[in-house]
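Asks: For reference, the sequence and a predicted model appear below.
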Amino acid sequence: MVLVKAPVLLKYKLSYAGREAGEQQLRYERTRSGARMTLTADVALPLPRTKQRWVSEMDARGVPLKFSERVEGRQNKVYEVEFLREDGVVVTRGEPEFVLPYTVDYHDPLSLILALGQSEAAVVTLPLLGGRVHAERVGEETLALPWGEVQARAWRLRPGVSLIYYDPEGYPLRFSQQVGGHVFEAELTEVVHEPEPEERPEKKKKSRRRGGRRRRRRR
């Protein structure tokens, strides 16, 4: 099962405690190594306001090769992780910085979304850096979206109290999480299917002679 037809751009509206809280976009595209997911968000609530960008580079199985997170706001943050399977280590840059042995196929927050969208199991445990996420399917629910009602299947994630809803084709329709005693939600408002990038043949580089063109001698 594929998450969605790539490349695609998913647009979300954010809410916090029932109030408008910004916008979010999630782009999914194929790459030579596998796939890339990019999340950009302008989060107004809860304060302080932040702009966020997350990028996950994955292999063909959906296992991350590299993850980066950039947060701009009252305090800026840049965090990167490289999953070096062949070298047997995981290297992080930013806060915190460390090197861990690569003992399992770890996930990051974006590859986790892809993994749950593909899973047909009832219970899944996914390893993340610093712990594990336990996900359980909790049935189906009808969601009212801008283009009509959609039958969604829900996953509950622990630790914490988070829910992710997917449609039958694998689109993540809604994210719901408890933050500071209130519910923070991202709800899908638009799906934009983007054209496949055309593979352009590499142009042969013209060899240049030193000294430029030679002038023809007049006879």
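Replies: It's in.
Asks: Run through the residues that contact G130.
Replies: Residues counted as contacts of G130 (Cβ atoms under 8 Å, 6 or more residues apart in numbering): none. All C-beta atoms are positioned from the backbone trio N, CA, C, and that covers glycine.
Asks: where in this protein is pLDDT low?
Replies: 1-4, 198-219 (pLDDT under 70).
Asks: hmm, try it at 80
Replies: 1-6, 196-219 (pLDDT under 80).
Asks: can you pull out the helices in it?
Replies: Here the chain has its helices, by DSSP state H, at 109-118.
Asks: Run through the strands of it in chain order.
Replies: 8-16, 19-30, 34-43, 50-59, 64-72, 77-84, 89-93, 99-101, 123-128, 131-145, 148-158, 162-166, 172-179, 182-193 (DSSP state E).
Asks: Just put those in TSV and tack on distance to P109.
Replies: Output for those, formatted as TSV (distance: least, Cβ to Cβ, whole Å):
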stretch	distance to P109
strand 8-16	15
strand 19-30	11
strand 34-43	8
strand 50-59	7
strand 64-72	8
strand 77-84	11
strand 89-93	14
strand 99-101	17
strand 123-128	8
strand 131-145	9
strand 148-158	11
strand 162-166	11
strand 172-179	11
strand 182-193	13
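Asks: Minimum distance to H107: which of the ones you listed has it?
Replies: strand 123-128 (4.9 Å; Cβ to Cβ).
Asks: Taking helix 109-118 as reference, get the angle to the closest one.
Replies: If you take axes from the mean of the first three to the mean of the last three Cα atoms, to 10 degrees, strand 123-128 sits at 160 degrees to helix 109-118.
Asks: And strand 123-128, what's buried?
Replies: Neighbour counts over strand 123-128 (16 or more other Cβ atoms under 10 Å) mark 124, 126 as buried.
Asks: Next: stretch 5-23.
Replies: Within stretch 5-23, the residues that count as buried by 16+ other Cβ under 10 Å are 6-10, 12-16, 21-23.
Asks: which one of those residues sits closest to V99?
Replies: Among the buried residues of stretch 5-23, A6 lies closest to V99 (Cβ to Cβ), at 32.4 Å.
Asks: Leaving out chain neighbours, which residue sits closest to that closest one?
Replies: For A6, ignoring the flanking residues on the chain, the nearest one in space by Cβ to Cβ, 6 or more residues apart in numbering is R30 at 4.8 Å.
Asks: Tell me how many other residues surround N76.
Replies: 10 (other Cβ atoms under 10 Å).
Asks: Give me the nearest residue to it, chain neighbours excluded.
Replies: Distances taken as Cβ to Cβ, 6+ apart place R70 nearest to N76, at 8.0 Å, with adjacent residues excluded.
Asks: Quick check: the one you found touching Q52?
Replies: Yes - R70 is within contact range of Q52, at 7.0 Å (criterion: Cβ atoms under 8 Å).
Asks: my guess is W155 meets E140, correct?
Replies: No - assessed by Cβ under 8 Å, W155 is found out of contact with E140, at 11.3 Å.
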